[in-house]
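Novice: A predicted structure for the sequence below; I have some questions about it.
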Amino acid sequence: MTDDGTDYAAAATATFQQLKPLFQASTNFWQLGHTFDTVIDYLANVSADDAPVFGGIARERYRITSDPMMKSACLYDDYGWWGLASLRASGFAPFRPEDREQFERAAHDCWNIIDIWGAAVWEKADRKVWAQLEPRHPGGVWNCSFAASEVDGDCATPCNPLARTDAIRGFQNTVTNTLALDLSTRMWLSARSDESKARYRASADRQFGFLKAWFADEGSPQTKVEPLLFYYAAPPDGGAPDRCVVRERVSAYADGSTEDVLGFQSKLAWAGDQGLLLGGLVSMMKARGPQHHDYPLMLTVARQLLTGIQDYLVAGGLLQAWAGGDAPAGDKADYLTGIASCMRYLLYAWQQGEALRPAMDNDDFKAFVRRNADAAAERSRIDRGDMTDRTNDLATLVLAKVVGV
């Protein structure tokens, strides 16, 4: 409880109780996985009383919404959300053993879809048809396989960036690639056999290599490129940039392509992407350790993202779902989820990113968390029927309770 009497744990419990029936009624596959991840944070850090029952509810939601007949699990990144939540659920002792066993299978299934299909889109593409979409850097993941028309049984189709009518499907966007990075790395960290560890490590390294190549790519004489990291403000002393945000998607195809990337907005940053990249970096730092040659880069970027989150994405003291542009394809409903994703990974960085603690355990960060939590606590007194809003608030309140603001 804070000095002014705000009980964040009690507000989180009230919010969770409002969220439960919304979760149980939802048929939105990816949003269910995203929300389940935040619910696990609540159960692990506030109260596990509902864990046995909720684990069964989540398992049933996954079974129903992953059925192809539901046409809800469509894009490859959809599986990233459930893969991460399921991996965590498989190791969460308060869930029933039979549910944990099923979540372990789900985590592997989701990872396979991303790694076998999402990471192989270009490899399997007809180069004569899709030549203009050749990726600038190897190793990344696409959010769906190219298809000029609808394919029976594949709700991600048509997936045709060349038609320039859909700014969501058929791209190497940041959400897809950061989900792949964090899921592969956490699978690596949790794997039991040397063979499995090697497989997941190779996937994580490939994914990090893709993102690293994009972090500072400034193009060539043939191609105008904007790096994936946006250093939006120079320090007052004129020194090296100390803050950044990650852009919503890559900005260009390979040299020689005459296509620009549909939907790219130079200044657009989604809060969800900031959290996902931060989480992926924290996981990779855990997996690789301080002696690895990329550790200083990972730590530096993570610190710069922490500053960017509290600056670029804040208005009126509160975290915004996005800043610097419009929600891609006008999809505000999905992109409003970014607040929970960001808050959830701030919690992950606080709990797992020991090297980041000095950048978080300070008055500025705690004031940022407190402002957002106070607003969420106030809303917890009003039962609103929106799973996205409830998930955003729950993630914020759990972070505040753990940080102890």
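Specialist: Everything's here; your move.
Novice: which SS class is the residue nearest to residue 379 when sequence neighbours are not counted?
Specialist: Once flanking residues are discounted, residue 379 sits nearest to residue 393: 5.6 Å by CB to CB, 6 or more residues apart in numbering. C-betas here are computed from N, CA, C, even on glycine. What DSSP: H, G, I helix; E, B strand; the rest coil gives for residue 393 is helix.
Novice: same thing with residue 298?
Specialist: With three-state DSSP as the basis, residue 298 sits in helix.
Novice: burial check on it, number of neighbours?
Specialist: A count of nearby residues for residue 298, using other CB atoms under 10 Å, gives 20.
Novice: for residue 380, what are its contacts?
Specialist: Contacts for residue 380 were tallied using CB atoms under 8 Å, 6 or more residues apart in numbering; they are 11-12, 14-15, 18, 393, 397.
Novice: at 10 Å what do you get?
Specialist: By CB atoms under 10 Å, 6 or more residues apart in numbering, residue 380 lies in contact with 8, 10-18, 390, 393-394, 397.
Novice: pull the number of nearby residues for the nearest residue to residue 225 once chain neighbours are set aside.
Specialist: Nearest residue to residue 225, sequence neighbours excluded (CB to CB, 6+ apart): residue 219, at 3.3 Å. By other CB under 10 Å, the residues close to residue 219 number 14.
Novice: any idea how far the residue nearest to residue 137 when sequence neighbours are not counted lies from residue 172?
Specialist: In space, residue 137 comes closest to residue 213 once its chain neighbours are excluded; the distance is 4.1 Å by CB to CB, 6+ apart. Per CB to CB, to the nearest Å, residue 213 is found 12 Å from residue 172.
Novice: ditto for residue 291
Specialist: 31 Å.
Novice: with neighbour numbers in mind, choose between these two.
Specialist: A count of neighbours by other CB under 10 Å puts residue 172 above the other of residue 291 and residue 172, at 25 against 6.
Novice: from what I see, the more buried one and residue 143 are in contact.
Specialist: Yes - if you go by CB atoms under 10 Å, residue 172 and residue 143 touch, sitting 7.8 Å apart.
Novice: any shared contact partners between those two?
Specialist: With CB under 10 Å, 6+ apart, residue 172 and residue 143 have common neighbours 118, 121, 249.
Novice: give me the neighbour count for residue 9.
Specialist: Neighbour count for residue 9, taken as other CB under 10 Å: 17.
Novice: no wait, residue 57
Specialist: Neighbour count for residue 57, taken as other CB under 10 Å: 17.
Novice: which residues of the stretch 51-200 of the chain fall in helices?
Specialist: 51-65, 76-90, 97-112, 121-124, 127-130, 174-190, 194-215 (DSSP state H, counting those that start in this stretch).
Novice: switch these over to TSV; also include distance to residue 319 and mean pLDDT.
Specialist: Compiled in TSV, the helices of the stretch 51-200 of the chain are given as follows (distance: least, CB to CB, whole Å; pLDDT from 0 to 100):
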stretch	distance to residue 319	mean pLDDT
helix 51-65	26	98
helix 76-90	19	98
helix 97-112	27	98
helix 121-124	32	98
helix 127-130	38	96
helix 174-190	17	98
helix 194-215	23	98
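Novice: closest to residue 323 out of those helices?
Specialist: helix 174-190 (14.4 Å; CB to CB).
Novice: put the alpha carbons of the closest one into PDB.
Specialist: In PDB, the C-alpha atoms belonging to helix 174-190 read as follows (Å, rounded to 0.1, in the frame of the first residue of the first chain):
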ATOM      1  CA  THR A 174       8.900  -6.000 -35.100                       C
ATOM      2  CA  VAL A 175       6.300  -7.800 -33.100                       C
ATOM      3  CA  THR A 176       6.700 -11.000 -35.100                       C
ATOM      4  CA  ASN A 177      10.500 -10.900 -34.800                       C
ATOM      5  CA  THR A 178      10.700 -10.000 -31.200                       C
ATOM      6  CA  LEU A 179       8.200 -12.600 -30.200                       C
ATOM      7  CA  ALA A 180      10.300 -15.100 -32.100                       C
ATOM      8  CA  LEU A 181      13.500 -13.900 -30.300                       C
ATOM      9  CA  ASP A 182      12.100 -14.200 -26.800                       C
ATOM     10  CA  LEU A 183      10.300 -17.500 -27.300                       C
ATOM     11  CA  SER A 184      13.300 -19.200 -28.900                       C
ATOM     12  CA  THR A 185      15.600 -17.900 -26.100                       C
ATOM     13  CA  ARG A 186      13.300 -18.900 -23.300                       C
ATOM     14  CA  MET A 187      12.800 -22.400 -24.900                       C
ATOM     15  CA  TRP A 188      16.600 -22.600 -25.000                       C
ATOM     16  CA  LEU A 189      16.900 -21.600 -21.300                       C
ATOM     17  CA  SER A 190      14.200 -24.200 -20.300                       C
END
